[in-house]
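Undergrad: Next one to model:
(4 chains)
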There are 2 protein chains.
Amino acid sequence: MAIANDNQSADTDAQPHESSEFSPRQNAVLAVALTMLVEGGEKALTTAGLAKAANCSKESLYKWFGDRDGILAAIVIYQASKVRGVDERATPATPEAFKTALTAFAEDLLAVLLSNTSLALNRLSIGHIRGETTRGDNPGLGAVLVDKGKRRIEARAIHLLTHGKRQRFIAFDDAATTYSTLYGLIIGDAHIRALLGDDPQIDEDGQKAHAARAVDQFLTLHTQSDF
Amino acid sequence: MAIANDNQSADTDAQPHESSEFSPRQNAVLAVALTMLVEGGEKALTTAGLAKAANCSKESLYKWFGDRDGILAAIVIYQASKVRGVDERATPATPEAFKTALTAFAEDLLAVLLSNTSLALNRLSIGHIRGETTRGDNPGLGAVLVDKGKRRIEARAIHLLTHGKRQRFIAFDDAATTYSTLYGLIIGDAHIRALLGDDPQIDEDGQKAHAARAVDQFLTLHTQSDF
DNA sequence: GCCGTACCGAACCGTACAGTACGGCATCCC
DNA sequence: GGGATGCCGTACTGTACGGTTCGGTACGGC
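TA: Purely as a prediction, here's the structure:
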């Protein structure tokens, strides 16, 4: 833990803490680490192996990231920094545009969740759950870190849903529950199957069709106002 | 691997291969192992620790289960042997009874998937995914083994769904797709959240309410015949 | 009594891997 | 030039844990 982040020289000026979490060199190393993680799982990511693959020394790894867990955390942060922003200004004005926005979200969600990178990162985080209840020393673990990506997607969807409700495109009571429904219709049991290694993934077109069907079902459930 | 299963004396008679996969002593050891796995994750389950906790010797562990992976596999089998049978004779005759059966399934699914045992076993299997594509020597790994439990539940649901279709209670085209929808409506993102350690689990009553709502939604989507 | 089987307990071995230490080689600054 | 810094590469330490071996004990059959 304890990500060093001493790439910036000193605390003289407000460094761009958000855009460049790590130095370019460190980002390159993290990219290699992520690749190793995707193909081979967590066990394949040893410090010696990473150092050799990334042409850096173990000493540097430990200086930059503290320890092995720090490397794992950095990988998650590194990847989370690449997820598309919330796109706050997406406020479709017509029901058709709203449906289009929903469909786009569904396609994105499917593509992301079934990508090898996401699967690897989810597997990593899931594997790092122990009796970590009431653990105060570190900021949670895999769970909280992955949520850095998950929450952002969720926020985007809930933003869209509440907007649709305000515009009377759809009707619902609780946003979180409604989001869960939408999520379930889109993903079904595909995610857990993929996590478990059930290869028969659907192709690109299949995903689009699936997303469209899920959105249709979702709108069927939530268009008739029930109050 | 290579579960020994030499608890029966010889191959003189057809032993009850289905009901008692392991000897009582072995089952007791597996129960301890499962407990250790549930609280503490895979890393907490060491052979030495299990031997001490179960009051047996490591030698016996290796004789019975072959190696550590054999122990893990045995745990999965041991737990899978406890899931309720398919209940093939569940053929509700009225729409109300059909809905009741669906609701019962939904409640069961929620309860099982969010139980600590199921979560621990899923985490274990997910953590055992590597480049295990095209592996012929062992019968798959975690994925296939957990499916021993997953498929049984799925079979029960699909059986129920096709029965409902035959009786004209519901309408659908593809059973697998429809099952995925039902699964998604019931589970939503609760499973992945739980797997990631998101504690805010809903209580018993919340689960029942959630199940009822999911079944309502499912019937809304599939009652109007569309042909 | 003796033998075989099954088991426990403890010691032991081998190895993989996290983490550390150190020598050497650049580059920058004075 | 000479020091300081940053990094590579390699070698090393410590340890945890999977797997094996072996002595000792209880039981059941002959």
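Undergrad: Let me see the contact set for the residue nearest to A:Gly41 when sequence neighbours are not counted.
TA: Distances taken as C-beta to C-beta, 6 or more residues apart in numbering or on different chains place B:Arg130 nearest to A:Gly41, at 4.6 Å, with adjacent residues excluded. For glycine as for every other residue, the C-beta is placed from the backbone atoms N, C-alpha and C. Residues near B:Arg130 by C-beta atoms under 8 Å, 6 or more residues apart in numbering or on different chains: A:40-41, A:43-44.
Undergrad: Report the separation between B:Arg130 and A:Glu42.
TA: 9 Å (C-beta to C-beta, to the nearest Å).
Undergrad: And what about the residue nearest to A:Gly41, helix, strand or coil?
TA: With DSSP: H, G, I helix; E, B strand; the rest coil as the basis, B:Arg130 sits in coil.
Undergrad: Just the pLDDT for it.
TA: What the model reports as pLDDT for B:Arg130 is 70.
Undergrad: how about the residues of chain A near DNA strand C?
TA: Within chain A, the positions near DNA strand C by C-beta under 7 Å from any atom of the strand are A:43, A:45-48, A:57-59, A:62, A:67-69.
Undergrad: Now which of those residues would you call buried?
TA: Among the residues of chain A next to DNA strand C, those scoring as buried are A:45, A:62, A:68-69 (criterion: 16 or more other C-beta atoms under 10 Å in any protein chain shown).
Undergrad: picking that back up, kindly write the PyMOL command that selects the buried subset of the contacts of B:Arg130.
TA: In PyMOL, a selection of the buried entries from the contacts of B:Arg130 looks like this (16+ other C-beta under 10 Å):
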select buried, chain A and resi 41
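Undergrad: What is the nearest of the contacts of B:Arg130 to B:Leu221?
TA: The nearest member of the contacts of B:Arg130 to B:Leu221, counting by C-beta to C-beta, is A:Gly41 at 37.7 Å.
Undergrad: okay, the helix or strand containing A:Gln207 in PDB with CA atoms only?
TA: Using DSSP states H and E, A:Gln207 maps to helix A:204-222. Below are the C-alpha coordinates for helix A:204-222, written out as PDB (Å, rounded to 0.1, in the frame of the first residue of the first chain):
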ATOM      1  CA  GLU A 204     -20.300  -7.600 -31.300                       C
ATOM      2  CA  ASP A 205     -23.600  -7.700 -33.200                       C
ATOM      3  CA  GLY A 206     -25.100 -10.000 -30.600                       C
ATOM      4  CA  GLN A 207     -24.200  -7.500 -27.900                       C
ATOM      5  CA  LYS A 208     -25.900  -4.700 -29.800                       C
ATOM      6  CA  ALA A 209     -29.000  -6.700 -30.300                       C
ATOM      7  CA  HIS A 210     -29.000  -7.800 -26.700                       C
ATOM      8  CA  ALA A 211     -28.700  -4.200 -25.600                       C
ATOM      9  CA  ALA A 212     -31.600  -3.100 -27.700                       C
ATOM     10  CA  ARG A 213     -33.800  -5.900 -26.400                       C
ATOM     11  CA  ALA A 214     -32.900  -5.000 -22.800                       C
ATOM     12  CA  VAL A 215     -33.700  -1.300 -23.400                       C
ATOM     13  CA  ASP A 216     -37.000  -2.300 -24.900                       C
ATOM     14  CA  GLN A 217     -37.900  -4.400 -22.000                       C
ATOM     15  CA  PHE A 218     -36.800  -1.700 -19.600                       C
ATOM     16  CA  LEU A 219     -39.000   0.900 -21.300                       C
ATOM     17  CA  THR A 220     -41.900  -1.500 -21.300                       C
ATOM     18  CA  LEU A 221     -41.600  -1.800 -17.600                       C
ATOM     19  CA  HIS A 222     -41.300   1.900 -16.900                       C
END
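Undergrad: So A:Gln79 is in contact with A:Lys148, correct?
TA: No. Here A:Gln79 does not reach A:Lys148: they are 9.1 Å apart, not a contact under C-beta atoms under 8 Å.
Undergrad: Past the lowest-mean-pLDDT helix or strand in chain A, which element shows up next along the chain?
TA: Lowest on mean pLDDT, DSSP states H and E among the helices and strands of chain A sits helix A:142-166, with a mean of 84. Going down the chain from helix A:142-166, the next helix or strand is helix A:175-187, by DSSP H and E.
Undergrad: Is chain B within reach of that next one?
TA: Yes. Interface with chain B: helix A:175-187 contributes A:179-181, A:183-187 (C-beta under 8 Å from any C-beta of the partner chain).
Undergrad: so that helix versus helix A:204-222, what angle?
TA: 140 degrees (axes from the mean of the first three to the mean of the last three C-alpha atoms, to 10 degrees).
Undergrad: If you count contacts, what does helix A:175-187 end up packed against?
TA: helix A:95-113, helix A:142-166, helix A:204-222, helix B:175-187 (3 or more C-beta pairs under 8 Å, 6 or more residues apart in numbering or on different chains; DSSP states H and E).
Undergrad: any idea which residue sits dead centre in chain A?
TA: A:Gly149 (3.1 Å; C-alpha atoms, centre = their mean).
Undergrad: Run a quick neighbour tally on A:His159.
TA: Each residue near A:His159 was counted by other C-beta atoms under 10 Å in any protein chain shown, and the total is 16.
Undergrad: if I look at it, how far off is A:Lys148?
TA: 17 Å.
Undergrad: just A:Thr35 next, same as before
TA: Distance, A:Thr35 to A:Lys148, using C-beta to C-beta: 20 Å.
Undergrad: now do A:Ala73
TA: 10 Å.
Undergrad: neighbour-wise, which of these two wins?
TA: A:Ala73 (23 against 14).
Undergrad: thinking A:Leu196 is in contact with B:His128, fair?
TA: No. Contact between A:Leu196 and B:His128 fails when scored by C-beta under 8 Å: they sit 9.4 Å apart.
Undergrad: Confirm for me that A:Leu119 is in contact with A:Ala194.
TA: Yes. The criterion here is C-beta under 8 Å, and A:Leu119 meets it with A:Ala194 at 5.7 Å.
Undergrad: Might you report the residue contacts of A:Val83?
TA: Applying C-beta under 8 Å, 6+ apart, the residues near A:Val83 are A:112, A:149, A:152-153.
Undergrad: Just name the closest of the residues of helix A:175-187 next to chain B to DNA strand D, please.
TA: Nearest to DNA strand D out of the residues of helix A:175-187 next to chain B is A:Ile187 (C-beta to the nearest atom of the strand; 33.7 Å).
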